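> what follows is a predicted protein model with its sequence.
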There are 2 protein chains.
Amino acid sequence: MSIELRSLHKDPAACEGQTVSVNGWVRTVRDSKVFAFIELADGTAFRPVQLVLDKNETEDFDRWVKLKLGSAITATGRVVLTPEAKQPYEIKVERIELVGDCDAAYPLQKKRHTPEYLRTIAHLRPRTNLFQAVFRIRSLAAYALHRFFQERGFIYVQTPLITASDCEGAGEMFQVTTLDLKNVPMDKGEVDFGKDFFGKPANLTVSGQLNAESFCLAFKNVYTFGPTFRAENSNTPRHAAEFWMLEPEIAFADLSDNMDLAEDMTKYVLTYLLEHARDDLTFLNQFVDKGLIQRVEALAGSEFVRITYTEAIERLQKSGASFQFPTAWGEELQTEHERYLTEKIFHGPVFVTDYPKDVKAFYMRVNDDGKTVAAMDMLVPGVGELIGGSQREERLDVLLARMKEMGLEEAPYWWYLDLRKYGGTPHAGFGIGFDRLVMYVTGVTNIRDVLPFPRTAKSAEF
Amino acid sequence: MSIELRSLHKDPAACEGQTVSVNGWVRTVRDSKVFAFIELADGTAFRPVQLVLDKNETEDFDRWVKLKLGSAITATGRVVLTPEAKQPYEIKVERIELVGDCDAAYPLQKKRHTPEYLRTIAHLRPRTNLFQAVFRIRSLAAYALHRFFQERGFIYVQTPLITASDCEGAGEMFQVTTLDLKNVPMDKGEVDFGKDFFGKPANLTVSGQLNAESFCLAFKNVYTFGPTFRAENSNTPRHAAEFWMLEPEIAFADLSDNMDLAEDMTKYVLTYLLEHARDDLTFLNQFVDKGLIQRVEALAGSEFVRITYTEAIERLQKSGASFQFPTAWGEELQTEHERYLTEKIFHGPVFVTDYPKDVKAFYMRVNDDGKTVAAMDMLVPGVGELIGGSQREERLDVLLARMKEMGLEEAPYWWYLDLRKYGGTPHAGFGIGFDRLVMYVTGVTNIRDVLPFPRTAKSAEF
């Protein structure tokens, strides 16, 4: 019987004494004269299995003790429970079959490799403990998010990545084109986009929100989850050119509902990971971020504080702490401020709401004071902002006035404005950078190490 | 108590006699002198709810009977079971609140609109019955696929969309650039990609397979699910420039395991939809595709036949049917052939395997006959090919020989070839065009009508 480690680990006692076959890759080989031990990983669980080879019982013992790290094998043997050993069971091997040999030049020999080096072998790094844990957690977190929204009846809308609207600032956007760059067709000194694939300039999207709003006003509760892009030439550990964003949007809902949703979602994902990725988290907690599990558990069980931006500024000013950036009303909150609020003042997650309208986007709902908008940022210890969102401006006249104020043309937004004419309702939504969430729940501090094949300035290997 | 229709529909008896509030959009208003009936949809379920207004019991009766289609309201009233009526319950309205008025120019007045017209108002079409059903099914199908793979322990790997490898034919690919198209920097007569964002030419991917193979050889079972792109200038009902693909990849597995997986996955999704989207399917069955439910049920319960390409050619030749394209060994199977096989010969789903290597990709495993490769296409009635896949060539020497034969350079594939050097194992995978699957399960025949905001040649509105 061929069996995966994820099944075997769950209930080894069910297989006690049975002969099973496991497929996997050799992680380590230790041998003595009569016994040898092979750690075999199959990728279906964080923990490998220990294979025990016995010169007297294992066919071709002398051959298999020389197995190279990284080789793929099928091992057949008997499951033996080992309640007194480190691992709860092992397999006494009767025979091994070599499925795929490993060249001696294998770059993943048994030693500690730096993340920088491992990025140069991104095709092999998922075989290491660190990336086994990170990418398993990434997968489970993505699924947990889907599950959360689907259980609540949200519709998953796959908003387009290519956008040809001229309405968004193209400064930090990638252009998408089929024009021959060597011979760009020109017409009266301008690029002749009539000859391009879409007949006009096209970009890669920075957010699916505007499209999601359209679906929200038909399905009430929706979410997008997909890649977004930013052509920002910044070489930081927190920015990638291609990253994943989740953006829910809810109708007949205000900022308070929006915060409820963000809080529930966050707790749900963390709880799901604590239940389904325990071995991975334990490893990360031990080798990457000593406080990880405690931090994740704390957040999953937290009361989320809600304060206004105005209160936040007051608290920061009164704190007496010295910051690099000013803490005057009207200024953006910087990461140092956000972290101070969540780590030093509230010792837990905080929603900051009602920001000055001048630092926020045109679509955010203007509050009655005329100075602030119904925006929210969710700040968490160790990171700062994890989620940003707002109630959307549903009043056509107010929205138009805001757009005028900010110098935005109406024409390209015709359909977005339509949504305010035809049964527009209060609605709200937020965005969570999925990679940032994965960083948070793994303790990994560089976004390049939570993306399977990261794309950043001057780097798009593999 | 505010309640969503998806909850109310499930068990109206639980709310019998209770006063509830429902939020939604007005679909129809019918009035007589004393009574009025409003169909209210809230997007959380396919079926609207019937609101009953009574001149003697409903506040401001005269105002609400003039409600415009498309208006957003909150209606509060008592749930009354109506076992003898068409709908199982209705709400006797006590009061209504207008949440968002609807301009009289609302393009979705109560009449049948053509799909072509509705594409011009893609921001409003999700409010129609057709698109309520299509996009709910799309969402549920996406989730069912995630669920299927996650239940089996597969790792979801989000492979990158931007690829800068020079290895794939750029002919039908979109270029991604931050160069100023008006002033493309040149160096010795060539575009100076050193100045571009990634420092070299970059494209939008056509498949995540090669990247997924890398993860498959670490995690055993993985899948990708994300957008893919093709800059094909073809104006057909089955092609879009941006579409979603799901691609599983399994290690220690051969073509037969691959077919098992494709069959199980297909049945799982269809069964999930039959259970979770009954109202939507019933509507589509009635108004879009009379045989839909029967076809979906049949496929979900089918035995999937498996034949080789060689057998398929023989059967087609023996059939005596006349085809537009030839049925000689070595030729591609065309849609007419595929449909004949699945509809006329086998009357059910068919896997066709072991195609001539000359019509297939370089990475497919060469069979012992030296002439065919371990490829598979899954054909289903009404469509033809729904899934295409193969066992991958894991033997380095054979793969290199194939690449040479096909004129492919080795260098850009260095990391892909590495996977064959370091514990490479038999592995296999397939791709399913998610939009095609949605077309299959909705009966909708134009891909533009299953994509929320379709992108095709000369068209990228919204």
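Cool, got the structure.
> contacts only, for the spatially most distant residue from the centre of chain A.
Of all residues in chain A, A:Asn56 sits farthest from the chain's C-alpha centroid, using CA atoms, centre = their mean; the distance is 49.3 Å. By CB atoms under 8 Å, 6 or more residues apart in numbering or on different chains, the contact list for A:Asn56 reads A:Val34. Where C-beta positions appear, they are placed from N, C-alpha and C, glycine not excepted.
> in what helix or strand does it lie?
Using DSSP states H and E, no element contains A:Asn56; it sits outside every helix and strand.
> let me know how buried the residue nearest to A:Lys458 when sequence neighbours are not counted is, in neighbour terms.
The spatially closest residue to A:Lys458, leaving aside those adjacent along the chain, is B:Gly199, at 4.3 Å (CB to CB, 6 or more residues apart in numbering or on different chains). For B:Gly199, the neighbour count with other CB atoms under 10 Å in any protein chain shown is 14.
> in contact with B:Gly199, which residues?
Contacts for B:Gly199 were tallied using CB under 8 Å, 6+ apart; they are A:458-459, B:193.
> closest to A:Met439 among these?
Checking the contacts of B:Gly199 against A:Met439 with CB to CB, the nearest one is A:Ser459 at 18.2 Å.
> what's near enough to touch that closest one?
The contact partners of A:Ser459, by CB under 8 Å, 6+ apart, come to B:198-199.
> list the contacts of the nearest residue to A:Pro88 once chain neighbours are set aside.
Across the structure, with CB to CB, 6+ apart as the measure, the residue nearest A:Pro88 apart from its sequence neighbours is A:Pro12 (5.8 Å). Residues touching A:Pro12, when contacts are defined by CB under 8 Å, 6+ apart, comprise A:79, A:81, A:88-89.
> tally of neighbours for the nearest residue to A:Asp42 once chain neighbours are set aside?
Residue nearest to A:Asp42 in three dimensions, not counting chain neighbours: A:Gly24, with 3.6 Å by CB to CB, 6+ apart. A:Gly24 is surrounded by 28 other residues when neighbours are defined as other CB under 10 Å.
> try A:Glu314
A count of nearby residues for A:Glu314, using other CB under 10 Å, gives 14.
> give me the mean pLDDT for the helix or strand where it lies.
Using DSSP H and E, A:Glu314 maps to helix A:309-319. Taken as a whole, helix A:309-319 has a mean pLDDT of 97.
> report the distance from the next helix-or-strand element following that helix to the chain centre.
Downstream of helix A:309-319, the first helix or strand assigned by DSSP H and E is helix A:335-339. Per CA atoms, centre = their mean, to the nearest Å, the displacement of helix A:335-339 from the mean C-alpha position of its chain is 21 Å.
> so which bits of helix A:335-339 are buried?
Residues A:336-339 are the ones in helix A:335-339 that count as buried (16 or more other CB atoms under 10 Å in any protein chain shown).
> the helix or strand just after it packs against which elements?
As assigned by DSSP H and E, the chain's next helix or strand after helix A:335-339 is strand A:350-356. With contacts defined as 3 or more CB pairs under 8 Å, 6 or more residues apart in numbering or on different chains; DSSP states H and E, strand A:350-356 has these neighbours: helix A:255-276, strand A:305-308, helix A:309-319, strand A:372-380.
> as TSV, those with distance to B:Asp101 would be great.
Compiled in TSV, those are given as follows (distance: least, CB to CB, whole Å):
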stretch	distance to B:Asp101
helix A:255-276	22
strand A:305-308	31
helix A:309-319	32
strand A:372-380	21
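> on the pLDDT front, check A:Lys33 for me.
Listed pLDDT for A:Lys33 reads 87.
> for it, what are its contacts?
Neighbouring residues of A:Lys33 by CB under 8 Å, 6+ apart: A:Lys55.
> now A:Glu336
Neighbours of A:Glu336 in contact, by CB under 8 Å, 6+ apart: A:323-325.
> ok, A:Val93 next?
When contacts are counted by CB under 8 Å, 6+ apart, A:Val93 touches A:38, A:51-54, A:57-58, A:64, A:75-77.
> scan those residues and report the most crowded one.
Comparing the contacts of A:Val93 on neighbour count, A:Leu53 comes out first with 28 neighbours (neighbours: other CB under 10 Å).
> contacts only, for that one.
Going by CB under 8 Å, 6+ apart, A:Leu53 touches A:31, A:35-38, A:61, A:64-65, A:93, A:96.
> what about those, which are in helices?
Applying DSSP state H to the contacts of A:Leu53, the entries found in helices are A:61, A:64.
> which of the contacts of A:Leu53 lies closest to A:Gly291?
Checking these against A:Gly291 by CB to CB gives A:Phe37 as the nearest, at 33.0 Å.
> burial count for the closest residue to the closest one other than its chain neighbours?
Taking CB to CB, 6+ apart as the measure, A:Phe37 lies nearest to A:Arg30, with 4.7 Å between them; neighbours along the chain are not counted. Residues within reach of A:Arg30, counting by other CB under 10 Å, total 11.
> do A:Gly348 as well
If you count neighbours by other CB under 10 Å, A:Gly348 ends up with 17.
> likewise for the one 3 residues further on?
Neighbour count for A:Phe351, taken as other CB under 10 Å: 21.
> can you dump the C-alpha coordinates of stretch A:99-106 into CSV?
The C-alpha coordinates for stretch A:99-106 follow below in CSV (Å, rounded to 0.1, in the frame of the first residue of the first chain):
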residue,chain,number,x,y,z
VAL,A,99,13.2,6.4,-8.6
GLY,A,100,15.4,9.4,-9.5
ASP,A,101,19.1,9.7,-8.8
CYS,A,102,20.6,13.0,-7.6
ASP,A,103,23.7,14.5,-9.1
ALA,A,104,26.6,15.0,-6.7
ALA,A,105,26.5,18.7,-7.5
TYR,A,106,23.2,19.0,-5.7
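> buried ones in it?
A:99-103, A:106.
> give me the subset of these lying in strands.
Those of those mapping onto strands are A:99-100, per DSSP state E.
> isn't A:Thr177 right up against B:Met173?
No - the pair A:Thr177 and B:Met173 does not pass the contact test of CB atoms under 8 Å, sitting 10.9 Å apart.
> show me which of those two is the more surrounded one.
Looking at A:Thr177 and B:Met173 with other CB under 10 Å, you find the greater number of neighbours at A:Thr177, namely 24 against 20.
> so that one bridges to which residues?
For A:Thr177, the beta-bridge assignment (DSSP bridges) gives partners B:Gln175.
> repeat that for A:Ile307.
Residues in a beta bridge with A:Ile307, per DSSP bridges, are A:Val352.
> how many other residues sit next to it?
A:Ile307 sits with 17 neighbouring residues when counted by other CB under 10 Å.
> and for the one 3 residues further on?
For A:Thr310, the tally of surrounding residues (other CB under 10 Å) stands at 17.
> against A:Leu316, how distant is it?
11 Å (CB to CB, to the nearest Å).
> what about the stretch 201-350 of chain A, any weak spots by pLDDT?
Confidence mapping of the stretch 201-350 of chain A against pLDDT under 70 gives zero matching residues.
> show me what from the stretch 351-462 of chain A comes close to chain B.
Contact residues, the stretch 351-462 of chain A versus chain B (CB under 8 Å from any CB of the partner chain): A:394, A:415-416, A:418-419, A:421-426, A:451-455, A:457-462.
> so A:Leu299 lies in a helix, does it not?
Yes - assessed with DSSP: H, G, I helix; E, B strand; the rest coil, A:Leu299 lies in a helix.
> ok, now which ones touch A:Phe46?
Applying CB under 8 Å, 6+ apart, one finds that A:Phe46 lies in contact with A:129, A:132-133, A:136, A:277, A:279-280, A:283.
> and A:Leu67, by the same measure?
Contact partners of A:Leu67, counting by CB under 8 Å, 6+ apart, are A:26, A:29, A:38, A:73, A:96, A:98.
> now, which of those sits nearest chain B?
Distance ranking of the contacts of A:Leu67 against chain B, using CB to the nearest CB, places A:Val26 first at 7.6 Å.
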